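Q: Here is my input; please provide its structure:
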Amino acid sequence: MAQGTDFILRALVAEGLDHLFMVPGGLIDPFLPALGRVAGLAPIVAAHEGGAAYMADGYARASGRFGAVLGIGGPGLTNMATAVAAAKTDSSPVLVLSGEVARAMEGLGAFQDASQATLDDTAVMKPLTRLSATVADVENLNHWLRHALTTMLSRPRGPVHLSLTHDALVGEAAASYVPVSPFFAAVEPLSLPQAEAALATLAATQDGRAPRIVCLAGAGVRDPVSAARLKEVAERLAMPVATTLRAKDAFPEDHDLSLGVFGYAGTRHATAAVFADDLDLLLVLGSGLNERDTMHWTLRERAKAVTIHVNTDMDELTAHCEATHAVPGSAGAFLELMAQRLGGGPTDAALAERRAFVARIKAGPRLYDIESCARPGRPIHPAAAVTALRQAFPRDGIVLVDSGAHRAFMGHYWEAYEPGTYVSATNLGPMGWAIPAAVGVQCARPDRRVAVVTGDGCMHMHGIEIQTAARHRLPIVYVVLNNAALGNVWLRAHTEGAVPAALTSLPDHDWAGFSRALGGEGFTVTDPAALEETFAKALACGTTAMVDVKADKDCPTPVYDFSAGAKAWSYHE
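A: Alright, predicted model coming up:
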C-alpha cells in the first residue's frame, strides 16, 4: 500500500522520468514529503508555474520521453495555460498535474477551489490538452494515470491534464503500476496502400524519366532514428533536402545535399529548388505545411512538381497542399520503406540529371546579406552575433531559439548539424519560452552544452527563470540580443510615426547585471570583435551565464522570400 502521491511519483520513475518541474502550494502539500520518500525523481522548483510547464516541455523535447509539471489548481494551473497551449500546438508530450480541494469541500467557498463546482479546472484545460480529467478517488488513480499517458503518447502527441483531489493524493493506492511508455517506443504507423502508390511514383525518378526530386523535411523526421534514415536515403538517391524551420536540425546543414531552411527565414537555395519550374517531384515528409512552412500557403500555387506528402496528423494531411499522393503515417517508416524499395539508387542518367539540377540551384549564394555576418560596426548586427556564437559553440550543443526577430536571424544564419540540436516553439511561438525550456533541456541532456538565443522582450516575460537555472548551477548560456525594442514589431511600426515607435521601444536594461543578481554570471558585449571571445568565456565559466549583446534594432530580418508571399495575403511578417 502506498499513498496516492507516492504512487504517482513512482509511476513517473517507472516511465523513465528523472525530473519533475513544479511550484509548491497548499493544494499539493502532500507531494512534498512524498518527494523525500520516493527516490529517482529530482524536483526542480521554478519561479512561476508557466516557467515550470515550459521546463517540462523542454525536457520532453530533449529527452525523447515526456515531461511532467506539478502545481496547484486555480491560479497555478491558469499560470500554466500558455505553456500547455504551446506544447499542444507543437505536439509535445507533457503531463500536467494539479492539486484540488477535497471532494467534501467542493462548492463551499474553500480557498482556491477550482473544482467542477466553481472554476472547473478541467474545463479550462480541455481546449489546450488532448485530455483533461478529474481524479476524484485514489481507487481511480491507476486507471486515469494510464489513460492520460496513453492518450498523451498516441499520435498526434500532446499534453494531458489530471486534476487531483486531496482524496486522491492522501488515500492508500493498492494497485501496482505497469509503465505504458514501452508500448509506444517502436510504434510507427504507416498506411501501406497509399505508401505503395507513392513509392511507384518515386521509382519513376530513379530511371531518368523524371529525375529532379527535392525533399522537404519537417518535424516528423527530427528524431535521431528518422533523421539517420533521411540522411541515408538522401545520400543513396542523391536527393537534395530542404527543411522547415522547426526541422532545421533534421539534416546536417553543412552536407553537400543540404538546401537549408524553406519558408520563414529560408535560404535562397531552398526557395529556388522547391519552386523550380523543372522540378519533377517534391517529397514532403513529416510537415503539416503551415503558413511559415509554405511561404504563406503559396506552395500549392507555386510548386510545379508532383507532390508526395507523408504526415502522421490526418488533420494536416493535404489541408494546405493538394498532394498527388497523401500518405497517412510516420515519415520515418516511409523512409525505411524507401530504403528497402529504392535501394539500387538512380540510374547513371538520372544521377547526372539530379547532380546537374543541384549544382544549378547551389551555384548562387545560399544566404541573404551574407556581409552582415562580419559587419564591424556598432551596435552589433544580429547576424554577426549568430555567426560568432556558432564558431564558439560545440557542434553537438543544443541551442534553443525564442520568438522574435532573433528567430529569423538564427533560422537563416545558424548552421545545425545533428537532430535535436536546434529547438524552438514555432507554432504558437510564445515569447520567453526558450528561457525556462532550456532548464528542462539541460536536465534531460546533462551531457550536452545548452544555449539560448532570446531577445530583451522575451526577457521581460520569463527572464526570472534564469534564477532557477542558477539555483541548480546548470551551465546554460543565455544570449540576449538586446536591441531595446520589440524587434519584429518595431521593424513594422517605427516608420508609422512617433507613437508606434514609442509603443514598441523598451528600456535598455543591464541583463548581465540582472543575471549576476540572480546568482549567474554576466557579460556585456558592445564590440563585434569581442563576441567570440566573450561566448567562449561564458561557456567556460561553469555555471549559468548571460551574454548581453547590444544589438542593432534597425537590421531587417532575412525573410525576403517569405515576405514576398505575405504581400499576397496583406499580412505582416
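Q: So Ser284 sits against Ile308, correct?
A: Wrong residue type there; residue 284 is Val, not Ser. Yes - Val284 is in contact with Ile308 according to C-beta atoms under 8 Å; the separation is 6.8 Å. For the C-beta atoms, the positions are set from N, CA and C on the backbone; glycine is no exception.
Q: which of these two has more neighbours?
A: Each of Val284 and Ile308 has its neighbours counted (other C-beta atoms under 10 Å); Val284 has more, 31 against 25.
Q: what sits up against whichever strand or helix holds that one?
A: Val284 is located in strand 281-285, with elements delineated by DSSP states H and E. Counting by C-beta atoms under 8 Å, 6 or more residues apart in numbering, strand 281-285 makes contact with 201-202, 205, 210, 212-218, 220-221, 230, 239, 274, 303, 305-311, 321, 323, 331, 334-335, all of which sit outside it.
Q: Please repeat the previous calculation with a cut-off of 6 Å.
A: 205, 213-217, 221, 303, 305-310, 331 (C-beta atoms under 6 Å, 6 or more residues apart in numbering).
Q: partners of it, with directions?
A: Sheet pairing of strand 281-285 (DSSP bridges) gives strand 213-217 (parallel), strand 306-311 (parallel).
Q: worst average pLDDT in those strands?
A: The minimum mean pLDDT among these belongs to strand 306-311 (a mean of 91).
Q: and the next element down the chain from that strand?
A: Once the chain leaves strand 306-311, the next helix or strand it forms, by DSSP H and E, is strand 325-328.
Q: so what does that following strand touch, helix or strand wise?
A: Where contact means 3 or more C-beta pairs under 6 Å, 6 or more residues apart in numbering; DSSP states H and E, strand 325-328 is packed against helix 192-203, strand 306-311.
Q: Setting the sequence-adjacent residues aside, check what's closest to Phe111.
A: Gly26 (7.7 Å; C-beta to C-beta, 6 or more residues apart in numbering).
Q: any low-confidence regions in this structure?
A: Applying pLDDT under 70 to the chain picks out residues 186-187, 318-319, 565-573.
Q: what's the angle from the strand holding Val284 to helix 192-203?
A: Relative orientation of strand 281-285 and helix 192-203, computed by axes from the mean of the first three to the mean of the last three C-alpha atoms, to 10 degrees: 140 degrees.
Q: List the buried residues in strand 281-285.
A: Neighbour counts using 16 or more other C-beta atoms under 10 Å place 281-285 of strand 281-285 among the buried residues.
Q: and of those residues, the nearest to Ser226?
A: Distance to Ser226, by C-beta to C-beta, is smallest for Leu285 among these, at 8.3 Å.
Q: Mind putting the strands paired with strand 281-285 into JSON lines with distance to Met125?
A: Putting these into JSON lines (distance: least, C-beta to C-beta, whole Å) gives the following:
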{"stretch": "strand 213-217", "distance to Met125": "32"}
{"stretch": "strand 306-311", "distance to Met125": "26"}
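Q: I'd like to know which of those strands lies nearest to Arg360.
A: Each of the strands paired with strand 281-285 has some distance to Arg360 by C-beta to C-beta; the shortest is strand 213-217, at 12.5 Å.
Q: chain center to the following helix or strand past that closest one: distance?
A: The helix or strand immediately downstream of strand 213-217 is helix 224-237, counting by DSSP H and E. Relative to its parent chain, helix 224-237 has a centroid offset of 21 Å by C-alpha atoms, centre = their mean, to the nearest Å.
Q: Quick check: neighbours of the helix or strand following helix 224-237 in the sheet, parallel or antiparallel?
A: Once the chain leaves helix 224-237, the next helix or strand it forms, by DSSP H and E, is strand 241-243. In the sheet, strand 241-243 lines up against strand 213-217 (parallel), strand 258-261 (parallel) (DSSP bridges).
Q: Which one of those lies nearest to Asn140?
A: Evaluated over the strands paired with strand 241-243, closeness to Asn140 peaks at strand 213-217, with 42.3 Å, by C-beta to C-beta.
Q: Now do the closest one and helix 224-237, the angle between them.
A: Relative orientation of strand 213-217 versus helix 224-237 (the same axes, to 10 degrees): 170 degrees.
Q: Give me the contacts around strand 213-217.
A: With contact meaning C-beta under 6 Å, 6+ apart, strand 213-217 is reached by 205, 230, 239-243, 247, 250-251, 262, 273-274, 281-285.
Q: and with 7 Å instead?
A: Under the contact criterion C-beta atoms under 7 Å, 6 or more residues apart in numbering, strand 213-217 has outside partners 205, 230, 234, 239-243, 247, 250-251, 262, 273-274, 279-287.
Q: Can I get it in PDB, CA atoms only?
A: Provided in PDB are the C-alpha atoms of strand 213-217 (Å, rounded to 0.1, in the frame of the first residue of the first chain):
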ATOM      1  CA  ILE A 213      13.500  15.500 -56.900                       C
ATOM      2  CA  VAL A 214      13.600  17.600 -53.700                       C
ATOM      3  CA  CYS A 215      12.700  16.500 -50.200                       C
ATOM      4  CA  LEU A 216      11.100  19.000 -47.800                       C
ATOM      5  CA  ALA A 217      11.700  17.500 -44.300                       C
END
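Q: Buried residues, it. List them.
A: Applying 16+ other C-beta under 10 Å to strand 213-217 flags 213-217 as buried.
Q: Go through those residues and name the one nearest Ala117.
A: The closest of the buried residues of strand 213-217, once distances to Ala117 are taken by C-beta to C-beta, is Ala217, at 48.7 Å.
Q: what are the bridge partners for the closest one, then?
A: Beta bridges link Ala217 to Thr243, Leu285, judged by DSSP bridges.
Q: shift numbering so it begins at 374
A: Fine by me, first position is 374 from now on; the one you just mentioned is Ala590.
Q: Which strand or helix spans Lys461?
A: helix 448-462.
Q: quick one, which of the helices and strands packed on strand 698-701 is packed in tightest?
A: Mean neighbours per residue, mean count of other C-beta atoms under 10 Å, is largest over those for strand 679-684, with a mean of 26.
Q: For that one, give me every contacting residue.
A: With contact meaning C-beta under 7 Å, 6+ apart, strand 679-684 is reached by 571, 574-575, 593, 653-661, 690-691, 694, 696-700, 702, 704, 707.
Q: my read: Leu414 touches Leu390, true?
A: Yes - with contact defined as C-beta atoms under 7 Å, Leu414 counts as touching Leu390 (6.4 Å).
Q: Those two: which is more packed in?
A: Leu390 (24 against 17).
Q: any idea how far the more buried one lies from Ile381?
A: Here the criterion is C-beta to C-beta, to the nearest Å. By it, Leu390 lies 11 Å from Ile381.
Q: circling back: could you report the distance from the residue nearest to Phe484 to Pro448?
A: Look at Gly399 and Pro448: by C-beta to C-beta, they are 11 Å apart.
Q: in the stretch 674-823 of the chain, which spans are strands?
A: 679-684, 698-701, 771-774, 795-797, 823-828 (DSSP state E, counting those that start in this stretch).
Q: Go ahead and measure how far the first one is from the middle of the chain.
A: Translated: strand 679-684. 23 Å.
Q: Would you format the strands paired with strand 614-616 as CSV with distance to Ala475 included?
A: Shown next, in CSV, are these (distance: least, C-beta to C-beta, whole Å):
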stretch, distance to Ala475
strand 586-590, 50
strand 631-634, 52
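Q: can you tell which of those strands is closest to Ser564?
A: Closest to Ser564 of the strands paired with strand 614-616, according to C-beta to C-beta: strand 586-590, at 19.5 Å.
Q: number of nearby residues for His867?
A: Applying other C-beta under 10 Å, we find 18 residues neighbouring His867.
Q: Also Leu470?
A: Leu470: 25 surrounding residues under other C-beta under 10 Å.
Q: same deal with the one 4 residues further on?
A: The burial metric for Val474, expressed as a neighbour count using other C-beta under 10 Å, is 24.
Q: where do the helices sit along the stretch 424-573 of the chain?
A: With helices called from DSSP state H, counting those that start in this stretch, the stretch 424-573 of the chain shows them at 448-462, 494-498, 514-526, 539-543, 565-576.
Q: packing partners for the longest one?
A: What that stands for is helix 448-462. Helices and strands touching helix 448-462, by 3 or more C-beta pairs under 7 Å, 6 or more residues apart in numbering; DSSP states H and E, are helix 422-436, strand 440-445, strand 467-473, helix 494-498.
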